[in-house]
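A.B. asks: what follows is a protein structure lacking sequence information:
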């Protein structure tokens, strides 16, 4: 089995910063693409940022220049540094990873349980 656990969410004032972490554990041979998604109340889940195993990144237009995605392959961990936060960034943030399992050698997509980010105005 594979688990993704997010941490680092919380309540912050507009203009503030937070750093989210996503740690993967379990039967992992390697992790390919990873990404952060978010879902605000009454809205569909949207992709925030993604990163390949080699470190290539992609961002949603709404967070470009404010958020930075990174990963540590040795620790099977991904991060999202969020600066200049706005009330519209309020959402549950989920991590996503495409994992090649060590026990089955099957590539599966996994999701974390989510962490709440609330930005007050």
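C.D. replies: Nice, thanks for sending it over. These numbers come from a predicted model, not from an experiment.
A.B. asks: so who does the spatially most central residue of the chain touch?
C.D. replies: In the chain, the residue lying closest to the centroid (Cα atoms, centre = their mean) is residue 36, at 3.0 Å. If you count contacts by Cβ atoms under 8 Å, 6 or more residues apart in numbering, residue 36 has them with 20, 22, 47-50, 69, 78, 80, 93-96. For every residue, glycine as well, the C-beta is placed using N, CA and C.
A.B. asks: just the buried ones from those?
C.D. replies: Among the contacts of residue 36, those classed as buried by 16 or more other Cβ atoms under 10 Å are 20, 22, 48, 49, 50, 69, 78, 80, 93, 94, 95, 96.
A.B. asks: and the pLDDT at the third one?
C.D. replies: At residue 48, the model reports a pLDDT of 98.
A.B. asks: name the element it belongs to?
C.D. replies: Here residue 48, judged by DSSP states H and E, is contained in strand 46-51.
A.B. asks: hmm, who's touching that strand?
C.D. replies: So strand 46-51 is contacted by 33-39, 57-60, 63, 67, 69-71, 78, 80, 93 (Cβ under 8 Å, 6+ apart).
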